[in-house]
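Novice: Here's a sequence, model it:
(one chain, ligands or ions: 1)
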Amino acid sequence: MQVRVAVIGAGYWGPNLIRNFTASPRTRVVAVCDRDPARLQRVQALNPAAATTTDLEAVLGRTDIDAIAIATPVHTHAGLGLAALRAGKHVLVEKPLAASVAQAEELVEEARQRGLVLMVDHTFLYSPAVRKLKGLIDADELGEIYYVDSVRINLGLFQHDVNVLWDLAPHDLSIVDHLLGRAPASVTAFGACHADIHKQTEDIAYMSLDYDGGLLASFHVNWLSPVKIRQFIVGGSKKSVVYNDLEPTEKIKVYDRGIITHNTDVEARHGIMVSYRVGDVWSPHIEQVEPLQTMVSHFAECVTRRERPISDGAFGLRIVRILEAAQSSIKGRGQRVNLLRPLRVVA
Ligand SMILES: NC(=O)c1ccc[n+]([C@@H]2O[C@H](COP(=O)([O-])OP(=O)(O)OC[C@H]3O[C@@H](n4cnc5c(N)ncnc54)[C@H](O)[C@@H]3O)[C@@H](O)[C@H]2O)c1
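Specialist: Below you'll find the model as predicted:
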């Protein structure tokens, strides 16, 4: 069975969805909707068979459409997502799921009540490099995870409705959630606005997650950097991995390096805390598959089988929860926000 899809939003990212839904044998693009007719004209060549329209109601009213893919600005995700679910359509929505926890919860609840698939396009979860990294961690190749250090910076495309945290950090937060499978206990974040004269939109942010028990994760997202860096380090007790998404083929390097701790009395008396273990570095083979191709196949499979996607609504909600808490920490000039209890600034 082919899942019949309408794509809403044909700006920067929408055409990538149209192209991948068109290429997949499991899906068919029936319609593309954007409120800007010029955008529709530009994407027509990607799929000449798909109807193009500015009329969202007409799309939602069509009985030959099974699913709606939403690639519009973040502040519109909740309204469009709810309208699509209420029209009985399965929904794929771009990251982040919504602009607030309250909105994200409403979407998750609506999908649950209607028994419809709600999936968030957290694209990196479907990339071969992240899948490889997840395989290494699940096979206990890295041992106990001590830290994650992520840098995602470049001269960025400024978004109109979200800051750099809400734009870029969903990628890294989704990867961390997927890899670790556990929720952080608290978040602290700092941010600064330079380009926005109203000082409302942060273009630099530093965020730290504390998972208790010694595991820390740190993130730097930045639209002002002159150089592009996409580096994600996972440090473990046995091995560590450096994932560089800009590397064409050797995206993942596994370092068999680390420390050996010394904690006997004799060693302590001689001031010896650690010694170093320096082993091999290797780069596992990574398949060359476009992440969006895997993502759209997974969506189609979940719709067909009525299964929960890896990045389902609950997953998307967890990411929004961290983003909202981090935003509140930025407002509190780096105050720690507890994530175990409902969003509250810890004094
Ligand atoms: N997964 C990824 O890696 C990735 C990458 C980039 C962007 N995105 C996400 O994609 C979404 C869109 O980002 P973008 O950069 O393409 O934005 P954009 O501004 O380039 O495009 C948005 C499009 O939506 C249209 N639109 C807005 N409101 C609409 C409505 N109510 N009905 C119909 N059309 C409407 C606009 O006319 C525009 O063409 C965002 O959620 C963003 O976070 C995801």
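
Novice: Could you use CA atoms for every contact and neighbour count after this?
Specialist: OK.

Novice: what's downstream of the host helix or strand of L92, the next helix or strand?
Specialist: According to DSSP states H and E, L92 maps onto strand 90-94. Using DSSP H and E, the helix or strand that follows strand 90-94 in sequence is helix 101-114.

Novice: just checking, what packs against whatever helix or strand comes next after that following helix?
Specialist: Using DSSP H and E, the helix or strand that follows helix 101-114 in sequence is strand 118-121. In terms of contacts (3 or more C-alpha pairs under 8 Å, 6 or more residues apart in numbering; DSSP states H and E), strand 118-121 is packed against strand 90-94, helix 313-331.

Novice: again, only this time at 6 Å
Specialist: Here strand 118-121 is seen to pack against strand 90-94 when contacts are counted using 3 or more C-alpha pairs under 6 Å, 6 or more residues apart in numbering; DSSP states H and E.

Novice: Run through who's touching the strand it packs on.
Specialist: A67, I68, A69, I70, A71, L116, V117, L118, M119, V120, D121 (C-alpha atoms under 6 Å, 6 or more residues apart in numbering).

Novice: what's the answer for stretch 185-193, then?
Specialist: Contacts for stretch 185-193 (C-alpha under 6 Å, 6+ apart): 199, 201-211, 326, 329-330, 334-340.

Novice: can I get the CA coordinates of that stretch in PDB?
Specialist: Extracted in PDB, the C-alpha atoms of stretch 185-193 (Å, rounded to 0.1, in the frame of the first residue of the first chain):
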ATOM      1  CA  ALA A 185      17.600  15.700  35.600                       C
ATOM      2  CA  SER A 186      18.200  19.400  35.000                       C
ATOM      3  CA  VAL A 187      19.300  22.000  32.400                       C
ATOM      4  CA  THR A 188      21.200  25.200  32.500                       C
ATOM      5  CA  ALA A 189      21.700  27.500  29.600                       C
ATOM      6  CA  PHE A 190      23.100  30.900  28.600                       C
ATOM      7  CA  GLY A 191      22.200  32.800  25.400                       C
ATOM      8  CA  ALA A 192      22.900  36.100  23.800                       C
ATOM      9  CA  CYS A 193      21.200  38.200  21.100                       C
END
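
Novice: Just the buried residues of it, please?
Specialist: Using 16 or more other C-alpha atoms under 10 Å as the test for burial, stretch 185-193 gives S186, V187, T188, A189, F190, G191, A192, C193.

Novice: can you tell me which of these are in strands?
Specialist: Among the buried residues of stretch 185-193, DSSP state E puts S186, V187, T188, A189, F190, G191, A192 in strands.

Novice: separation between the last one and Q200?
Specialist: With distances taken as C-alpha to C-alpha, to the nearest Å, A192 is found 9 Å from Q200.

Novice: In the stretch 101-250 of the chain, which residue sits nearest the ligand?
Specialist: Nearest to the ligand in the stretch 101-250 of the chain, going by C-alpha to the nearest ligand atom, is T123, at a distance of 5.0 Å.

Novice: The ligand contacts on the stretch 101-250 of the chain?
Specialist: D121, H122, T123, D167 (C-alpha under 6 Å from any ligand atom).

Novice: Please identify, among the residues you listed, the one with the most neighbours.
Specialist: Neighbour counts for these, by other C-alpha atoms under 10 Å, peak at H122, which reaches 28 neighbours.

Novice: what's the burial count for the closest residue in space to that residue that isn't next to it in sequence?
Specialist: Closest residue in space to H122, ignoring its immediate chain neighbours: K95 at 5.8 Å, by C-alpha to C-alpha, 6 or more residues apart in numbering. By the measure other C-alpha under 10 Å, the count of residues near K95 is 26.

Novice: Then H298?
Specialist: Around H298 there are 20 residues (other C-alpha under 10 Å).

Novice: Roughly how far does it sit from the ligand?
Specialist: 15 Å (C-alpha to the nearest ligand atom, to the nearest Å).

Novice: what does T76 give?
Specialist: Distance from T76 to the ligand, by C-alpha to the nearest ligand atom: 6 Å.
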